[in-house]
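Engineer: Predicted model and sequence follow; I will ask about them next.
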Amino acid sequence: MANPQIPLEPDQFYHIYNRGINSCSLFKEAGNYEHFLRLYDKYISPVAKTFAWVLMGNHFHLLVYITKPEGLEDLRPLELNKRINQQFSNLFNAYTKAFNKRYNRTGSLFEHSFRRKIIDSKDYLRQVVLYIHNNPVHHNFCDHPIEYPWSSYLTCISVQTTKLNRDAVMGWFDHQANFKLRHNQKLDIEKIEQWLDL
């Protein structure tokens, strides 16, 4: 199972996810998704490379590779872990503050500490990418990942400049044609969730 206590350490891949407290909405309109992504770039880009993501109405999934923040390479592992975790905390706190102000609400928005799982194989990476991109299909938002605007799928098949590590993702699937083929296949999400131990 995912563990919120697993330290986020440099040179490791992680599947990170969370949902709204009591499954409440995290995103109600396009501006919410856009603001979250702006804050994500501000707070997370300095400490992680992103390989896949999806923002759903009441939850999100990220596939990241934690890097050593510039200028902090000499910190002890525990202190470095605190700094990296703080960046994620800053993201969620900043978004909660903006969301609460926008919708005249108070209190927590996200459920407890975010979940994270270490990813330790290429096959695991591929499965997480497929799971993340097919989350909107599984939750009946669309019939194919290409139809959902708030995930990294469209960026993966685009040629536009991006901070997403698209080339590495394509490498995990050997090439873009196979990436698309795998995303065109019907997935058994429950089976993947069991395999991913979610």
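Structural biologist: Sure thing, it's come through.
Engineer: What's the separation between Pro7 and Leu62?
Structural biologist: For Pro7, the distance to Leu62 equals 17 Å [C-beta to C-beta, to the nearest Å]. For the C-beta atoms, the positions are set from N, CA and C on the backbone; glycine is no exception.
Engineer: higher neighbour count, the two?
Structural biologist: Legend: neighbour count by other C-beta atoms under 10 Å for Pro7 and Leu62, higher for Leu62 (24 against 16).
Engineer: dump the residue contacts of the more buried one.
Structural biologist: The contact partners of Leu62, taken as C-beta atoms under 8 Å, 6 or more residues apart in numbering, are 14-17, 50, 52-53, 132.
Engineer: I'd like to know which of the residues you listed are part of strands.
Structural biologist: Judged by DSSP state E, strands contain the following of the contacts of Leu62: 14-17, 50, 52-53.
Engineer: and of those residues, the nearest to Arg115?
Structural biologist: Tyr17 (5.2 Å; C-beta to C-beta).
Engineer: these two touch, right, that closest one and Phe60?
Structural biologist: Yes: the pair formed by Tyr17 and Phe60 meets the contact definition of C-beta atoms under 8 Å, at 6.3 Å.
Engineer: These two: which has the busier surroundings?
Structural biologist: Set Tyr17 next to Phe60 and count neighbours by other C-beta under 10 Å: Phe60 wins out with 25 against 20.
Engineer: count of neighbours near Gln12?
Structural biologist: Neighbourhood size, Gln12 [other C-beta under 10 Å]: 16.
Engineer: now for the protein, which residue lies nearest the mean position of the chain?
Structural biologist: Leu62 (1.2 Å; C-alpha atoms, centre = their mean).
Engineer: element containing that residue, please.
Structural biologist: strand 59-66 (DSSP states H and E).
Engineer: So what's the gap between that strand and the chain middle?
Structural biologist: 2 Å (C-alpha atoms, centre = their mean, to the nearest Å).
Engineer: got the contact list for the residue lying closest to Ser23 once chain neighbours are set aside?
Structural biologist: Closest residue to Ser23 apart from its sequence neighbours, by C-beta to C-beta, 6 or more residues apart in numbering: Asn58 at 5.2 Å. Taking C-beta under 8 Å, 6+ apart as the criterion, Asn58 is in contact with 19-20, 23-27.
Engineer: Likewise for Glu147?
Structural biologist: Counting by C-beta under 8 Å, 6+ apart, Glu147 touches Pro136.
Engineer: helix/strand/coil for Thr162?
Structural biologist: With DSSP: H, G, I helix; E, B strand; the rest coil as the basis, Thr162 sits in coil.
Engineer: sorry, that was for Gly57
Structural biologist: What three-state DSSP gives for Gly57 is coil.
Engineer: these two touch, right, it and Ser23?
Structural biologist: No: in this structure Gly57 lies outside contact range of Ser23 using C-beta under 8 Å: 9.5 Å.
Engineer: Surely Phe27 is in contact with Gly57?
Structural biologist: Yes: Phe27 is within contact range of Gly57, at 5.8 Å (criterion: C-beta under 8 Å).
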